[in-house]
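A.B. asks: sequence plus the predicted model coming up.
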Amino acid sequence: MKGLWVKDLLLLQKQLKTFLMFVLIAAFNAYTIKSVPVIFIMMAFFFVTTSASTIFYDQENHGFLYLFTLPTRKKDYVIQKLLLVLVSSLVAVGLSFVLIFLMMQFDLELQTSGQDLLYSALYSFFFGCFYGSIITPLYLRYGTEKARVFIFAIMGALAMGIILIEKTGVLDGIAGSEFMANVATLNSLQITGLTLALTSAMLGVSTIVSRRFIDKSVAF
């Protein structure tokens with residue numbers, strides 16, 4: 001698995017300028033709309049998307065045919081890709097903290113409490129892993145182009161679902177439910193533990209699905 005990490009890190013190193021551009025875009029949007037969570041979400045989205053794109057480079061020019069003739073198991077490949085998603089989400093959160101602290105020195109409107117920062121970080125970390133858990137098996141099963149179509153379709157369906165929920169008042173019902181009331185009573189440590197537990201379960205399911213998909217897309 002060490003060779004897979006070296007390969008991906010070398011691929012990502014070539015996209016350093018792209019990462020820097022992502023950081024500037026996130027900072028500009030946060031400064032424009034005066035929102036700290038925007039930095040976290042955009043950074044998680046950018047970093048996970050770029051990391052997951054390493055699958056495309058592996059598939060290019062029948063790369064899988066060569067890769068799996070080496071002493072590389074499909075199971076190890078899938079686990080490494082989802083660990084890369086996890087690491088990318090963590091790096092995105094860490095860089096978001098650095099960027100936010102720098103921006104706070106120049107814009108007082110971006111200053112926020114430590115608890116709000118923690119919740120924004122947890123939300124973006126969960127979002128990054130959730131997004132990566134979806135696109136990784138899709139990339140492995142359908143390839144980059146078809147997977148992007150599925151991703152856009154899923155995003156469109158989620159957007160329509162959110163709109164319908166808001167229009168029908170279901171969101172107000174959920175917000176006022178007993179479950180949400182119980183969640184609101186949790187402290188920061190409990191919410192952190194719950195987020196990590198859900199993330200672990202989600203990545204575990206994605207690993208199983210990805211393994212099945214790669215068996216179908218790669219014949220040996």
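C.D. replies: The structure has been received and is ready for your questions.

A.B. asks: in this structure, which helix or strand is least confident?
C.D. replies: Using mean pLDDT, DSSP states H and E, helix 170-175 stands out as the lowest-scoring helix or strand of the chain, at a mean of 52.

A.B. asks: run the chain-centre distance for the strand or helix carrying residue 196.
C.D. replies: Per DSSP states H and E, residue 196 falls inside helix 188-217. Relative to its chain's centre, helix 188-217 lies at 12 Å (C-alpha atoms, centre = their mean, to the nearest Å).

A.B. asks: mind listing what's buried in it?
C.D. replies: 191-192, 195, 199, 202-203, 206-207, 209-211, 213-214 (16 or more other C-beta atoms under 10 Å). Placement of C-beta: from N, CA and C, glycine included.

A.B. asks: and which of those is nearest residue 79?
C.D. replies: residue 207 (6.3 Å; C-beta to C-beta).

A.B. asks: relative to residue 56, how far out is the most centrally placed residue in the chain?
C.D. replies: Geometric centre of the chain, nearest residue: residue 128, 1.9 Å, by C-alpha atoms, centre = their mean. To residue 56, residue 128 is 18 Å away according to C-beta to C-beta, to the nearest Å.

A.B. asks: likewise for residue 39?
C.D. replies: Shown here: residue 39 relative to residue 56, a distance of 26 Å by C-beta to C-beta.

A.B. asks: again, but for residue 214
C.D. replies: On the measure of C-beta to C-beta, residue 214 and residue 56 end up 14 Å apart.

A.B. asks: again with residue 188
C.D. replies: 38 Å.

A.B. asks: residue 135 too?
C.D. replies: Counting by C-beta to C-beta - residue 135 and residue 56 are separated by 11 Å.

A.B. asks: between those two, which one's more packed in?
C.D. replies: Taking other C-beta atoms under 10 Å, residue 135 and residue 56 do not tie; residue 135 has more neighbours (24 against 16).

A.B. asks: surely the more buried one touches residue 143?
C.D. replies: No - Residue 135 is not in contact with residue 143 according to C-beta atoms under 8 Å; the separation is 11.9 Å.

A.B. asks: identify the residues contacting residue 78.
C.D. replies: 136, 140, 207, 210, 211, 214 (C-beta atoms under 8 Å, 6 or more residues apart in numbering).

A.B. asks: again, only this time at 10 Å
C.D. replies: 136-137, 140, 206-215 (C-beta atoms under 10 Å, 6 or more residues apart in numbering).
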